[in-house]
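Asks: Sequence first, predicted coordinates after that:
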Amino acid sequence: MSDKAHTIEVQQIGDRFQATVAGIGAKVTGATLDEALAEAQRAIVASMVEAEKRKRKRNKGRTA
């Protein structure tokens with residue numbers, strides 16, 4: 001997988017925290033700052049896994 005930087009923006013909305021990862025179009029919430037950041041990290045990892053799956057599917061059958 002590639003080394004790509006992602007920016008996580010966090011806002012407190014009422015008693016919850018909302019984390020946005022604009023680079024992948026993810027918006028998650030959590031009861032605490034740590035929870036929102038953990039959910040954002042999961043979204044980034046899930047995005048990276050899906051990107052790798054798409055890449056492998058595209059390259060399937062190609063020879064070096």
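Replies: Looks like it arrived, so ask away.

Asks: and the gap between the residue nearest in space to the middle of the chain and Lys60?
Replies: Among the residues of the chain, the one closest to the centroid is Ile44, at 1.8 Å (C-alpha atoms, centre = their mean). Distance, Ile44 to Lys60, by C-beta to C-beta, to the nearest Å: 25 Å. Every residue, glycine included, has its C-beta placed from N, CA and C.

Asks: what do you get for Leu33?
Replies: From Leu33 to Lys60 the distance is 41 Å (C-beta to C-beta).

Asks: Which of the two has more residues huddled nearby?
Replies: Leu33 (12 against 7; other C-beta atoms under 10 Å).

Asks: Helix, strand, or coil at Asp3?
Replies: coil (DSSP: H, G, I helix; E, B strand; the rest coil).

Asks: May I ask you to confirm that the residue nearest to the centre of the chain belongs to a helix?
Replies: Yes: assessed with three-state DSSP, Ile44 lies in a helix.

Asks: can you pull the contacts of it?
Replies: Listed by C-beta atoms under 8 Å, 6 or more residues apart in numbering, the contact partners of Ile44 are 6, 21, 24, 26.

Asks: of these, buried ones?
Replies: Listed as buried from these are 21, 24, 26; burial here means 16 or more other C-beta atoms under 10 Å.

Asks: The last one - nearest residue in space that isn't next to it in sequence?
Replies: Spelled out, that is Ala26. In space, and not counting its chain neighbours, Ala26 is closest to Ala43: 3.9 Å by C-beta to C-beta, 6 or more residues apart in numbering.

Asks: Tell me the spacing between that neighbour and Thr20.
Replies: 10 Å.

Asks: Overlap of the contact sets of those two?
Replies: In contact with both Ala43 and Thr20: Ala26, using C-beta under 8 Å, 6+ apart.

Asks: Would you map the helices across the protein?
Replies: For the chain, applying DSSP state H gives helices covering 33-59.

Asks: Right, I'll leave it there.
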